[in-house]
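> Sharing a model prediction with you, sequence too.
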Amino acid sequence: MMFTTNPFIPLTDFLSPLFMQVYIVLMVLAVAAGTLFDLYHKGSAKFFLRQREQSRAAATRKLGGADMAAIATRTLAHDVATFGEFCNRNRRISHVLMFYGFVLYLITTVAMAFIYPADPRTPVVLPVLWNIGALMVLIGGYWFFFFLRVNVAKEGHSPFRLVRADLFIVSLLLSVTFALIWEIVQTAGNLRATQITFGIYIFFTTVLFLGVPWSKFAHMFYKPAAAFQKRVEEANGSSSLPRPSDAQYIER
């Protein structure tokens with residue numbers, strides 16, 4: 001039954017289960033390599049190290065291990081888990097939907113592809129969660145793409161006016177969209193249509209993971225580090241940013 005059956009089982013009609021397993025490993029390596037390249041190419045690693053050294057030199061208060069642990073906890077709880085850096089509630093909700101949906105989608109993909117690649121006894125909860133994760137990505141993603149992007153919401157541009165920064169959201173949406181289309185097409189029993197939609201799904205998924213150096217994919221790794229460093233600077237007195245009360249005055 002659709003949405004409750006492992007969508008990777010029908011792949012065994014024309015592909016070995018090893019294909020998806022090798023593919024997933026390669027995509028993980030691609031993300032790691034792309035992130036490292038991005039760090040090197042943009043000099044982000046040097047920037048963070050230099051910022052850390054400057055913060056230590058300008059600090060007026062020494063932070064202990066307990067302080068750093070508390071700051072890390074607040075960063076995870078506010079900036080990472082709930083995207084607290086977004087003041088706009090709608091942008092925040094859309095990112096929460098995309099992030100948790102994508103994580104759920106990835107985890108269940110790995111579980112079904114590696115543990116139950118050809119097993120009809122796949123626990124129903126896995127394909128159900130896979131579909132829920134995919135739908136969360138699409139709801140949050142299409143909402144963001146058509147209504148919440150800065151160039152659309154603030155500058156009045158058409159949502160179809162794309163720039164390089166849109167590579168991540170576009171490839172993510174197309175990848176997940178065709179994942180669901182591929183799943184639905186399988187129910188028709190047409191092998192050729194299944195192969196075509198699977199090929200399109202794999203194509204956009206590959207673009208998503210290979211495009212790390214040119215998209216915003218790597219930002220999900222940078223933002224926690226930047227948020228943590230910002231909180232450290234505020235705590236040790238080295239921050240040069242306006243205090244919250246000053247920032248509110250400036251915004252007005």
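Structure's in. What do you need?

> so where's the stretch 1-150 of the chain uncertain?
Scanning the stretch 1-150 of the chain for pLDDT under 70 picks out 1, 42-45, 47-48.

> ok, which stretches of it are helices?
Taking DSSP state H, counting those that start in this stretch, the helices of the stretch 1-150 of the chain run over residues 17-42, 44-58, 65-74, 89-114, 125-143, 150-153.

> Need the winner for burial among those helices.
helix 125-143 (a mean of 19; mean count of other CB atoms under 10 Å). For the C-beta atoms, the positions are set from N, CA and C on the backbone; glycine is no exception.

> Now do that helix: distance to the chain's middle.
Centre-to-centre, helix 125-143 and its host chain are 13 Å apart (CA atoms, centre = their mean, to the nearest Å).

> Helix 89-114 and that one, what's the angle between them?
150 degrees (axes from the mean of the first three to the mean of the last three CA atoms, to 10 degrees).

> Against which helices or strands is helix 125-143 packed?
helix 89-114, helix 167-186 (3 or more CB pairs under 8 Å, 6 or more residues apart in numbering; DSSP states H and E).

> Kindly state which of the ones you listed is positioned closest to Ala72.
helix 89-114 (18.7 Å; CB to CB).

> Chain neighbours aside, what residue packs nearest to the residue sitting furthest away from the middle of the chain?
No residue in the chain sits farther from the centre than Thr60, which is 36.2 Å out by CA atoms, centre = their mean. Nearest non-adjacent residue to Thr60, counting by CB to CB, 6 or more residues apart in numbering: Gly237, 3.4 Å away.

> need the contact list for the one you found.
The neighbours of Gly237, taking CB atoms under 8 Å, 6 or more residues apart in numbering as the test, are 58-61.

> how about it, phi and psi?
phi 80, psi 10 (degrees, to the nearest 10).

> same thing with Pro123?
phi -50, psi 130.

> now swap in Thr122 and tell me
phi -50, psi 130.

> From what I see, it and Ala113 are in contact.
No - taking contacts as CB atoms under 8 Å, Thr122 lies outside contact range of Ala113: 10.7 Å.

> Turn the helices and strands packed on helix 125-143 into JSON lines, including distance to Thr35.
Shown next, in JSON lines, are those (distance: least, CB to CB, whole Å):
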{"stretch": "helix 89-114", "distance to Thr35": "16"}
{"stretch": "helix 167-186", "distance to Thr35": "13"}
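
> Tell me which of those helices sits nearest to Phe14.
Here helix 167-186 is closest among these (CB to CB), at 11.7 Å.

> any idea of the mean pLDDT in the closest one?
The average pLDDT for helix 167-186 rounds to 96.

> immediately after it, which helix or strand?
Of the helices and strands lying after helix 167-186 in sequence (DSSP states H and E), the nearest is helix 191-210.

> How far off centre is the helix or strand following that following helix?
Next helix or strand after helix 191-210 toward the C-terminus (DSSP H and E): helix 219-236. Centroid separation for helix 219-236 versus its chain: 18 Å, with CA atoms, centre = their mean.

> And stretch 32-51, by the same measure?
That offset, for stretch 32-51, works out to 18 Å (CA atoms, centre = their mean).

> tell me how far the ends of it are from each other?
Chord length of stretch 32-51, first to last residue, is 23 Å (CA to CA, to the nearest Å).

> again, but for stretch 153-171
First-to-last residue span, stretch 153-171, CA to CA: 21 Å.

> Might you report the residue contacts of Phe102?
Taking CB under 8 Å, 6+ apart as the contact definition, Phe102 lies against 133, 136-137, 172.

> re the thing from before, would you list the helices of the stretch 1-150 of the chain in a markdown table and tack on distance to Lys223?
Shown next, in a markdown table, are those (distance: least, CB to CB, whole Å):
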| stretch | distance to Lys223 |
| --- | --- |
| helix 17-42 | 13 |
| helix 44-58 | 11 |
| helix 65-74 | 14 |
| helix 89-114 | 10 |
| helix 125-143 | 17 |
| helix 150-153 | 16 |
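
> Arg192 is nearest to which of the ones you listed?
Closest among the helices of the stretch 1-150 of the chain, using CB to CB: helix 17-42, at 18.0 Å.
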